[in-house]
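**Student:** the following block contains a protein sequence and its predicted model.
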Amino acid sequence: MKKSEAYSHRKVLPKSPTDIQGLDEITGGGLPKGRPTLVCGGPGCGKTLFAMEFLVRGATEYNEPGVFISFEETEEELSANVASLGFDLDSLRKRKKIWLEHIHVERSEVEQSGEYDLEGLFIRIHEAIESISAKRIVLDTLESLFSGLPNPIILRSELRRLLRWLKKKGVTAVITAERGEDRLTRQGLEEYISDCVILLDHRVTDESSIRRLRVVKYRGSSHGTNEYPFLIDEDGFSVLPVTSLGLNYSSSRERVSTGIPRLDTMLSGKGYFRGSTVLVSGTAGTGKTSIAAKFVEAACKRGERSLFFTFEESPSQLMRNMRSIGINLEPWEKKGLLQFQATRPTHYGLETHLTTSIKLINDFKPSIVILDPINAFVLGENQTEVKTMLLRLVDFLKMKGITAFFTSLTSAGDTMEITDVYISSLIDTWLLLRDIEIGGERNRGLYVLKSRGMAHSNQIREFKLTDQGIDLLDVYIGAEGVLTGSARLSQETKDDAEQLLRQQEFGRREFELERKRKAMEAQIVMLRSEFEAEEAEALKIIKSEKVKDERFTQNKAKMAKSRKADANTKTTGAK
Amino acid sequence: MKIKHDKPKTSRTKTSDGSGRRRFLERSTHAAKSGSDRWVLRLYVAGQTAKAVTALNNLKLICEEQLKGKYHIEVIDLLKNPTLARDNQILAVPTLVRKLPLPVRNIIGDLSDTERVLVGLDLIERSALVGKQ
């Protein structure tokens, strides 16, 4: 009947917002307005707190006064218990926003004779509702009536009547119940309260406790059906519907510097994408944290906030260690740009870690988040859970556009790629630090295993931690393979010596050539002078011969004259 | 106080019909022990319902037989005085409260099971109920 009604009107079921972080998202706006909701769970799972927060938020945020009928705790106990969550019940009571009523039931004091009904309870609830014009009511824990009053058959019919009566009154009710053995509640209340059923769970696995919430049923409304982790802390109840985040976040094209110029170069010159997920993996002591610290420092220098989760070192130890390689994080922490969160991963369960992390991130609003190292969470065989948790965290961070930086410790001997394979699909940029052992020493090599969406370098760089900071050096690639460290240095020296020798050889040859040229030139000079000497001699001879010849001719003419020769022509001809 | 014995009782059990109750009351020696000078009994009801009327009639009957001359019955209608439900921690109605003699004792129901009323009022030992259900 209800279904057909809903279809014909296409009306959204009116809802009463709980203002409990995350719950309204799962339920699409809150609990069904004017109807009872069953909240069930084992002891200590947070039923009372859930109910109380629903009431207090209603009173303070939505101006809906509420009545809290407690069958277990007295008014004073209730006030004291929730005071630690910042709820000032006394003040709310004075302002007629909250009405607390303790209903005392104890079987040993009651004798039954004949039939009875619960009109007394009805009158009390009615009085309470009327006195503050309540819109919300909590009955915690209604099932106490079963242990306090005889004759369950009468009780059942009376409870059924009570629920109908509450519905008719139009108050939004939260009814808590203890979890039963093989059903939701011990007394089968879920049979009567079928509009909305919420199950709270508190279980301990691997020595750590996990709180979860599940909406078992929500009549007339769609709702998230998963188990959602929730947290009870000083701000009350918070549910994290992060599993519903999905992949519809937008990706940034903006790049952020890694803080190491040469590494930026390796990542196509600009560094990581903003909002991407970066993983640095490597064996112990390869400098994973240092790369993280450098990234943090760069972010702080840009004036961005960083949240640093450290699971193995205390913040002061970490800062001291980073100072030794020239990274001073302390001023940034003082300035409030950097916040450390140091916890042992074994202190809480994964869910609690996730929820506290997300809360912290929401509060601090960082632009980068470091988790150092993520595999501190892996205990035994819980890799799948760790992956799920990281997946949720990554989704959450991506939604917020926060750059995530994880480090992962791989154990020596393992193939690093395999050790981290369970999270590799989440990672956008994966840097690998590996040991290179050559010539009796251990050096660090860094390369980019993958980096989505950019043309990254395929080169191995030698990664050096000095007291000035981080250096990336080209490795020696020669005939003898990849060399690093001293091997690289000695190879380089050897190369230098060889080069020197070669240079000397060139010089010697040049000199020889010069010498030869000089010898040749000297020879030329000598030959020339010899020639000149010969030439001069020859010319002299020629000259004297010519003189001789002239004289002979003159003498001949004189002779002819003297002999009166008539052959003038001959003379002139001879001339 | 005049009591009508012949009032029909719908929820009367076999053991608590007229003759059974008389026999039972005669056996009762416990009454003498707890019998103090003054009994103050308060019956909480919510309106003049059938159960309320039955309870009052049953109570009067028992008192006449057990506590003649030394009892006082107050009937409180919670519909008229709703705050009294809170003040006296009343849930079920009818509820019979033995204010005096102390300690205070509570019995809920229409008081049709006389033996249980007597146990509740501490007029007979609980052991008298063993085997009877």
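**Tutor:** Now that the structure is in, tell me what you want to look at. It should be emphasised that the depicted structure is a prediction, and the values quoted were computed from it without experimental measurement.
**Student:** what parts of chain B come near chain A?
**Tutor:** Where chain B comes near chain A, counting by Cβ under 8 Å from any Cβ of the partner chain, the residues are B:11, B:44, B:46-47, B:49, B:51, B:54-55, B:58, B:78-79, B:82-83, B:85-86, B:89-95, B:105-114, B:116-117, B:119-120. (Glycine included, C-beta is placed from N, CA and C.)
**Student:** need the per-residue pLDDT for residue 42.
**Tutor:** All of this is about chain A. Listed pLDDT for A:Gly42 reads 85.
**Student:** that answer is for a different chain, and I need it for chain B
**Tutor:** Looking at B:Arg42, its pLDDT is 90.
**Student:** part of a helix, is it?
**Tutor:** No. Counting by DSSP: H, G, I helix; E, B strand; the rest coil, B:Arg42 is not part of a helix but strand.
**Student:** just the buried positions in stretch A:489-500, please.
**Tutor:** Judged by neighbour count using 16 or more other Cβ atoms under 10 Å in any protein chain shown, the buried positions of stretch A:489-500 are A:Gln491.
**Student:** walk me through the domains of chain A.
**Tutor:** The record assigns chain A these domain ranges, following automatic domain parsing: A:2-244, A:255-474.
**Student:** any weak-confidence spans in chain B?
**Tutor:** Within chain B, the segments meeting pLDDT under 70 span B:1-36, B:128-133.
**Student:** so A:Val138 bridges to which residues?
**Tutor:** A:Phe68, A:Val174 (DSSP bridges).
**Student:** list the buried residues of stretch A:453-470.
**Tutor:** Buried residues in stretch A:453-470, counted by 16+ other Cβ under 10 Å: A:454, A:456-457, A:460-465, A:469-470.
**Student:** can you tell me the average pLDDT over that stretch?
**Tutor:** Averaged over stretch A:453-470, pLDDT sits at 82.
**Student:** for stretch A:299-309, same thing?
**Tutor:** What stretch A:299-309 shows for mean pLDDT is 91.
**Student:** how much distance is there from that stretch to the middle of the chain?
**Tutor:** 12 Å (Cα atoms, centre = their mean, to the nearest Å).
**Student:** straight-line length of that stretch, end to end?
**Tutor:** In terms of Cα to Cα, to the nearest Å, the two terminal residues of stretch A:299-309 are separated by 16 Å.
**Student:** tell me which residues in it are buried?
**Tutor:** For stretch A:299-309, burial by neighbour count (16+ other Cβ under 10 Å) applies to A:299-300, A:304-309.
**Student:** out of the domains of chain A, the one nearest B:Glu65 is which?
**Tutor:** With Cβ to Cβ as the measure, domain A:2-244 is the member of the domains of chain A nearest B:Glu65 (15.3 Å).
**Student:** dump the buried residues of stretch A:453-470 to JSON lines, plus secondary structure.
**Tutor:** Listed next are the buried residues of stretch A:453-470 as JSON lines, based on three-state DSSP:
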{"residue": "A:Met454", "secondary structure": "coil"}
{"residue": "A:His456", "secondary structure": "coil"}
{"residue": "A:Ser457", "secondary structure": "coil"}
{"residue": "A:Ile460", "secondary structure": "coil"}
{"residue": "A:Arg461", "secondary structure": "strand"}
{"residue": "A:Glu462", "secondary structure": "strand"}
{"residue": "A:Phe463", "secondary structure": "strand"}
{"residue": "A:Lys464", "secondary structure": "strand"}
{"residue": "A:Leu465", "secondary structure": "strand"}
{"residue": "A:Gly469", "secondary structure": "strand"}
{"residue": "A:Ile470", "secondary structure": "strand"}
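**Student:** kindly reformat the residues you listed as a markdown table containing distance to chain B.
**Tutor:** Formatted as a markdown table, the buried residues of stretch A:453-470 follow (distance: Cβ to the nearest Cβ, whole Å):
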| residue | distance to chain B |
| --- | --- |
| A:Met454 | 71 |
| A:His456 | 73 |
| A:Ser457 | 77 |
| A:Ile460 | 79 |
| A:Arg461 | 78 |
| A:Glu462 | 80 |
| A:Phe463 | 74 |
| A:Lys464 | 78 |
| A:Leu465 | 73 |
| A:Gly469 | 72 |
| A:Ile470 | 72 |
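**Student:** could you say which helix or strand contains residue 80?
**Tutor:** Answering for chain A, as no chain was given. Assigned by DSSP states H and E, A:Ala80 falls within helix A:75-83.
**Student:** to clarify, I was referring to chain B.
**Tutor:** Using DSSP H and E, B:Lys80 falls within no helix or strand.
**Student:** measure how buried it is and give me the count.
**Tutor:** By other Cβ atoms under 10 Å in any protein chain shown, 10 other residues sit near B:Lys80.
**Student:** tell me which residues of the helix holding A:Ala80 come out buried.
**Tutor:** Buried residues in helix A:75-83, counted by 16+ other Cβ under 10 Å: A:75, A:78-79, A:82.
**Student:** just read off the phi/psi values of A:Lys15.
**Tutor:** Dihedral angles of A:Lys15 (phi, psi; degrees, to the nearest 10) stand at phi -130, psi 150.
**Student:** my error: substitute A:Leu338 in the last question.
**Tutor:** Dihedral angles (degrees, to the nearest 10) for A:Leu338: phi -120, psi 130.
**Student:** so what pairs up with it in the strands?
**Tutor:** With DSSP bridges as the rule, A:Leu338 is bridged to A:Ser306.
**Student:** quick one: contacts for it?
**Tutor:** By Cβ atoms under 8 Å, 6 or more residues apart in numbering or on different chains, the contact set of A:Leu338 is A:296, A:300, A:305-306, A:308, A:329, A:332.
**Student:** for the residues you listed, work out which two are farthest apart.
**Tutor:** The span of the contacts of A:Leu338, defined through Cβ to Cβ, is set by A:Arg305 and A:Leu329 at 13.1 Å.
**Student:** got the residues of chain A near chain B?
**Tutor:** For chain A, the residues in contact with chain B (Cβ under 8 Å from any Cβ) are A:101, A:103-105, A:109-124, A:126-127, A:145, A:149-150.
**Student:** just the buried residues out of the residues you listed, in PyMOL syntax.
**Tutor:** Here is the PyMOL command that selects the buried residues among those (16+ other Cβ under 10 Å):
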select buried, chain A and resi 101+103+105+110+111+112+113+114+115+116+117+118+119+120+121+122+123+124+127+145+149+150
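**Student:** how about JSON lines for the buried residues of stretch A:299-309, with distance to A:Thr286 added?
**Tutor:** Below are the buried residues of stretch A:299-309 laid out as JSON lines (distance: Cβ to Cβ, whole Å):
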{"residue": "A:Ala299", "distance to A:Thr286": "22"}
{"residue": "A:Cys300", "distance to A:Thr286": "24"}
{"residue": "A:Glu304", "distance to A:Thr286": "26"}
{"residue": "A:Arg305", "distance to A:Thr286": "27"}
{"residue": "A:Ser306", "distance to A:Thr286": "22"}
{"residue": "A:Leu307", "distance to A:Thr286": "23"}
{"residue": "A:Phe308", "distance to A:Thr286": "19"}
{"residue": "A:Phe309", "distance to A:Thr286": "20"}
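**Student:** before I go, just wanted to say thanks for your time.
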